[in-house]
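# I would like to see how this sequence folds:
(chains A, B and C, ligands or ions: 2)
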Amino acid sequence: MLNQLTISELTSRLARRDISARELTQACLDQIARVDGTVHAFISHDPADALAQADAADHELAAGVTFAQKPLLGIPIAIKDVLAVKGHPLNCGSKILGKFISPYDATVIEKMKAAGAVVFGRLNMDEFAMGSSTETSAFGITRNPWDPSRIPGGSSGGSAAAVAADEAIATLGTDTGGSIRQPAALCGCVGLKPTYGRVSRYGLTAFASSLDQIGPFTKNIEDAARLLGVISGHDPKDSTSVAEPVPDYVAALDGQIRGLKLGLPKEYLIGGLDPEVKAAVDAAVKQYAALGAEIVDISLPHTDYAVATYYIVATAEASANLARFDGIRYGQRVDGADPIELYTRTRGAGFGAEVKRRIILGTYVLSSGYYDAYYLRAQKVRTLIRNDFLNAFKQVDAIITPTAPTAAFKIGEKSGDPLQMYLSDIFTISCNLAGISGISLPCGFTRSPKLPIGLQLLGQPFGEATLLKLAHAYEQSTPWHREKPAPIA
Amino acid sequence: MEYEAVIGLETHVQLNTKSKMWCGCANAYGAAPNTQVCPVCLGLPGVLPVPNEEALRKTTLTGYLLNCEIPRFAKFDRKNYFYPDAPKNYQLTQYDKPTTANGFVEFEFQGGLARVRITRAHLEEDVGKSFHFDRNSGVDFNRAGVPLMEIVSEPDITSADMAYEYLNALKDILLYGGVSDCDMEKGMVRCDVNVSVRPVGTQELGAKIEIKNMNSFSGVRRALEYEIPRQIAVVKAGGKLIQSTRRWDDTTGITEEMRTKEHAHDYRYFPEPDMMPLAPTDEWLAEVRKLVVELPLARKQRFIREYSLPAPDAETFKNDVALGNYFEPLAKQSSNPKAVANWVINNLRAKLTELNEREKTEQSELGIEPADLQLTTLADLKFPPAALLELVGLVEAKTISNAAAQQVFAEMFATGKTPAAIVQEKGLAQVSDTGAIEKLCDEAIAASPGPVADYRAGKAAALNALKGYVMKLSKGKANPALAGEILERKLKG
Amino acid sequence: MAATDIDVKYVAHLARIGLTPDEEVKMSAHLAGILGYIEKLKELDVTGVEPTAHAVPMVNVLRPDVVRPSLAHEAAMSNAPAKANGLFLVPKIVE
Ligand SMILES: [Mg+2]
Ligand SMILES: [Zn+2]
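Numbers count the residues shown, from 1 in each chain, chains lettered A, B, ... in the order given. Ligands and ions are numbered 1, 2, ... in the order given. Here you go, the predicted model:
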């Protein structure tokens, strides 16, 4: 089935005109029709628009446009509901945006369109990317294709599930504290969080501005390299985007990892680590050693403070970022006698419990008398956490850890206890605080039920090429990425 | 007990950049509502601000003009508050690391020089404009995101008049620096006042009361003229003032309480994560320094000193920069700069004003919009500046009389001909030939028995009538001093 | 300062979020738990540590003063919940 193939496989077949972009897009749409009733990865999608884009791609292919010119020509790629696509709805998994239609494209969307991709669909997510299970969406829960009684991870649960269920060839998600890597791990696909500043955030509805990055979900490492190459690069519309040249990430996948040093941080052996997850990661470490990488024990001494730091920094920024959802210029308005009443009603009705909780926490840590004790202190601890990583990278090329402490948990299992939910991001959060790069790739399965386990590699700032090289070498020597979820087969 | 006022001002000034502060929308006044807006300045989900370098340059230049330090590190912060005219419900501003700090403004006040210290001039963004209807308000976001500079003074101002003079001095400086058009009617300068009162001779500050909503400098003065006696009356009557914010009502001329300290805002400032800090380099600052201009007060003082001008003339040249710039090179070449100043101010400026008034009437009768009026400026004059210098020289050398000089000026203004040519053409050269004037004097005496009798009866002023008669006979060419001498001699003899 | 002294009603008002009495109770309990956990940051000595506001250090990111096209008026107003005469309408602003 075409929708099960990778970008690399599809581009060669499209180039040979073996298949058409329309057939490929139709295959994805058919799969959505078949499985999305169960998975619910999509909030909405517009089949006619997707097919029209596919037809346009077919015309270009017929006219001789090459994949060197347009590396994603005719490839259906679905988008997390937090990224602005001109003329399409933008809801961020929330009620508060109402019938909002974006009048502009995010920079990554412009880049994907320029690369010829069939950009389609609105993928489900935790409301405003706040969550680790996609249960806080106002548009219903997304189910894990490996076990529909379980969560797909979050916040980019729809992005991960859509790739795992072959509903799109690849997807885009966003990662503020693990929101790409954790769902990728739980759904058994590849998810990459680029270095802060690598990919423009223009058009990404901000959750926490200093932590958010956009990244790809793919079926394998080579596809991640392809997609990252398209969406990376400096953007004058984003002051935090970095003018660092974009290397040829696909060319970096040469298998040459002999002598590369992988750091194994002792702080990641925490109490809550599931034995099966630990066993899978231990096996991956052995595999790397067998492939010629050097394993080095390292320490990231401030790891234990990352979750607390994150929930101050991220919620503070979010409290301001989400102030614009007020029912004045756009979105679902609940009227009031004066603007203050309009605001409190609109925001009271429009935001879900988790978003309210985080806005109120963020407002509190910035409020008069508490700023120094909470926000300023957290910013200082952030420096210590970042320094831990920069020191580690003086010794090693990348750091290896589990992506999540457990495999996918049951729907509802943690939704009553926000703190337990926050702690499920314990391995992924430091990466965002430090602004470095990270990737999750499949490294095995739990026995019963059979659920994917994710391996996380953390890289230097702008070290994505090395991360991809390492991930690719492991992937090519293991079978995990070829497995498909049985429940939706 | 005597009380004194302690006043500090926060002045917001729109910078005259081409584009807005964070986006490429035009920074222009007067467009139809919500036509100069984009996703960024409407605060749509996902947008990001990128600061306008020119706005930063103009703020830094203002810092130099206000004798400020320019710190090597500055940043933007978010000031959180909900208001319908604020697209993001936070304002981007500079909280604890402003682009400029610790300066002062000097200006003339009550016959001397006053100095008001400047705490800071920082960069921020303007908000949208609200219109109020019966049951609704409507918001136009064209103004949202226009670069706004906030200039905060220390509480060094002691009276309503001093506040007024400070604001005018500040406005002059900003106009000189070319950083703002300072058009009050277009809301380009807005001002909040902090005022408290205390017994004369004490140092402790009284409860600080903020007044908002003044839309002119005279509004600020009137608000203070109301508020200072009000506060003094309260304390004198044994009352207690509390920190609060009051609104000035320009129609009724009073201030009313808006909120007290218990209801003060909690702005939750924090560093803007969407923008990087500012660390101006030596090279960049050197480029800005090149834009520094002479301050208005310095110019006035220099004109008085270097060209021996009376203060009102120097003031005219301070206020009318173009006229002063026209004057200055001529003054440098003239042995009598004061006479040049007279010609520039009393003749040239008057003539230009008169011409332009006429043009305005004619063009508006033709239906030309005020903004499109074609008016004459100093650059459009038909004669070169050197011609004015030549004219002054002719008067100085007594080649022509003052009266003739007026004619020459009118002619050169109208035609651009040189003064020499006009004098020649019209035969305006002054007659200093004693014989010729003697004859005219005799004629005048013969024709004016009345004035002659008056003069002889001791009315010295009657001589002017006879002198006028001689001038008339000579068609203005007779040297008036000489004519006076001869007449006197003849009548006494 | 006790970690759990958060006045949810006041902070929710600052954030302009209406909460039902029931939500307020739940919110207080959850926030008390989270703030209790966050207390662990106080164990660390952060004397002399510079705060990190940006993960990637850069300075002077500026744009040239160039005018670019705005949105068409209709597009700018297209998502407005209430509009008239080219303006975004709100309940009467009184302060
Ligand atoms: Mg201000
Ligand atoms: Zn704009």
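
# Assign the residue in the stretch 101-250 of chain B that chain A sits nearest to to helix, strand or coil.
Nearest to chain A in the stretch 101-250 of chain B, going by C-beta to the nearest C-beta, is B:Val139, at a distance of 7.3 Å. Every residue, glycine included, has its C-beta placed from N, CA and C. On the three-state scheme (DSSP: H, G, I helix; E, B strand; the rest coil), B:Val139 is labelled strand.

# what about it, how many residues close to it?
27 (other C-beta atoms under 10 Å in any protein chain shown).

# neighbouring contacts of the lengthiest helix in chain C?
Longest helix in chain C, counting residues (DSSP state H): helix C:21-38. Residues outside helix C:21-38 that contact it (C-beta atoms under 8 Å, 6 or more residues apart in numbering or on different chains): A:307-308, A:311-312, A:353, A:356-357, A:360-361, A:364, A:374, A:418-419, A:422, C:3-4, C:6, C:8-9, C:12, C:19.

# for stretch B:186-193, same thing?
For stretch B:186-193, the surrounding residues in contact (C-beta under 8 Å, 6+ apart) are B:7-14, B:29-30, B:129, B:143, B:163, B:167, B:171, B:180-183, B:210-212, B:214-215, B:217, B:220, B:223-224, B:227.

# Of those, grab the buried ones for PyMOL.
PyMOL command restricting these to the buried ones, with burial defined by 16 or more other C-beta atoms under 10 Å in any protein chain shown:
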select buried, chain B and resi 7+8+9+10+11+12+13+14+29+129+143+163+167+171+180+182+210+211+212+214+217+220+223+224+227
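
# how much space is there between the spatially closest residue to A:Gly153 that is not a sequence neighbour and chain C?
For A:Gly153, ignoring the flanking residues on the chain, the nearest one in space by C-beta to C-beta, 6 or more residues apart in numbering or on different chains is A:Pro183 at 3.1 Å. With distances taken as C-beta to the nearest C-beta, to the nearest Å, A:Pro183 is found 22 Å from chain C.

# and A:Pro183, which of the three is it?
When classified by three-state DSSP, A:Pro183 comes out as helix.

# Number of residues surrounding residue 36?
By default, I'm working from chain A. A:Asp36, neighbours per other C-beta under 10 Å, totals 23.

# The chain in question should be chain C.
Residues near C:Gly36, counting by other C-beta under 10 Å: 13.

# Can you tell me how far it is from A:Tyr311?
12 Å (C-beta to C-beta, to the nearest Å).

# bridging residues for the residue of the stretch 101-250 of chain B closest to chain A?
B:Ser130, C:Phe88 (DSSP bridges).

# Could you tell me which residues make contact with it?
When contacts are counted by C-beta under 8 Å, 6+ apart, B:Val139 touches A:328, B:84-85, B:128-131, C:87-88, C:90.

# rerun at 7 Å
B:Val139 is in contact with B:84-85, B:128, B:130, C:87-88, C:90, counting by C-beta atoms under 7 Å, 6 or more residues apart in numbering or on different chains.

# And the pLDDT at it?
Note on B:Val139: pLDDT of 98.

# now the strands for chain A?
Secondary structure of chain A (DSSP state E): strands at A:42-44, A:76-80, A:118-123, A:170-175, A:190-193, A:213-218, A:261-265, A:294-298, A:398-402, A:437-445, A:452-459.

# Can I get the fourth one as PDB, trimmed to CA atoms?
Spelled out, it's strand A:170-175. This file holds the C-alpha atoms of strand A:170-175, laid out as PDB (Å, rounded to 0.1, in the frame of the first residue of the first chain):
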ATOM      1  CA  ALA A 170       5.100  12.200   7.500                       C
ATOM      2  CA  THR A 171       3.800  14.900   9.800                       C
ATOM      3  CA  LEU A 172       4.900  18.000  11.600                       C
ATOM      4  CA  GLY A 173       4.600  18.500  15.300                       C
ATOM      5  CA  THR A 174       6.000  20.700  17.900                       C
ATOM      6  CA  ASP A 175       8.100  20.100  21.000                       C
END
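
# secondary structure element for the residue in the stretch 251-400 of chain B that ligand 2 sits nearest to?
Per C-beta to the ion, B:Asp274 is where the stretch 251-400 of chain B lies closest to ligand 2, at 15.1 Å. Assigning secondary structure by DSSP states H and E places B:Asp274 outside every helix and strand.
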